[in-house]
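**Student:** attaching a predicted model along with its sequence, questions to come.
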Amino acid sequence: ALRLSYLRSGGHDPAILDQLLHLQLEATVLEKGSAGLRRGRRMAPAVPAEPPGTGTHGLDAALLAVELENRRLEDELLSLKVRRERRANAGSQAAQRHTEELAQLQAEVGMLRCHAEQTRPWLHPPIALPVPPALLVP
């Protein structure tokens with residue numbers, strides 16, 4: 001499940017994939033070993049042979065090591081996910097900022113056009129004023 005989650009979230013580091021596969025194999029061996037012992041059959045040991053008298057101490061240590069490695073990998077996956085989400089958020093925030101700046105610039109261009117039309121009367125078509133009768137010469 002951890003390996004699939006890593007792949008689905010975009011993980012592709014070969015070293016991490018190799019570690020995840022190794023952990024998956026180790027977990028499978030441990031599960032089969034404990035299931036075989038419960039049924040009374042002796043399975044191949046999941047960890048190297050222990051010196052006599054150590055009992056399940058070596059198995060507990062190996063299981064603890066696997067759990068610690070799993071936690072480390074989960075933390076690493078979480079940090080990768082957080083980084084990816086931050087990049088996505090930063091991209092969307094930048095796009096939103098650009099959209100707001102574009103809207104502001106368009107508003108300023110509109111105001112400048114309006115101001116230019118008001119301060120340049122010669123740009124408007126001339127208005128025909130009536131000519132006084134005294135200036136009309138027959």
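**Tutor:** All right, it came through fine.

**Student:** tell me the contacts of the residue nearest to S5 when sequence neighbours are not counted?
**Tutor:** Counting by CB to CB, 6 or more residues apart in numbering, S5 lies nearest to L77, which is 6.8 Å off, once chain neighbours are set aside. Backbone N, C-alpha and C define where each C-beta goes, glycine included. The contact partners of L77, taken as CB atoms under 8 Å, 6 or more residues apart in numbering, are L2, S5, Y6, S9, G11.

**Student:** on the three-state scheme, the second one is what?
**Tutor:** Okay, so that is S5. Recorded secondary structure, S5: helix (DSSP: H, G, I helix; E, B strand; the rest coil).

**Student:** burial of it, as a residue count?
**Tutor:** 13 (other CB atoms under 10 Å).

**Student:** same deal with the fourth one?
**Tutor:** By other CB under 10 Å, 12 other residues sit near S9.

**Student:** wait, isn't it in contact with R83?
**Tutor:** No - with contact defined as CB atoms under 8 Å, S9 does not reach R83; the gap is 10.8 Å.

**Student:** can you dump the C-alpha atoms of stretch 59-70 in CSV for me?
**Tutor:** This file holds the C-alpha atoms of stretch 59-70, laid out as CSV (Å, rounded to 0.1, in the frame of the first residue of the first chain):
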residue,chain,number,x,y,z
LEU,A,59,12.8,-10.8,15.6
ASP,A,60,11.5,-7.9,17.7
ALA,A,61,14.6,-5.9,16.8
ALA,A,62,14.1,-6.6,13.1
LEU,A,63,10.4,-5.7,13.4
LEU,A,64,11.3,-2.5,15.2
ALA,A,65,13.8,-1.7,12.5
VAL,A,66,11.3,-2.2,9.8
GLU,A,67,8.7,-0.1,11.6
LEU,A,68,11.2,2.7,12.0
GLU,A,69,12.1,2.5,8.3
ASN,A,70,8.4,2.6,7.5
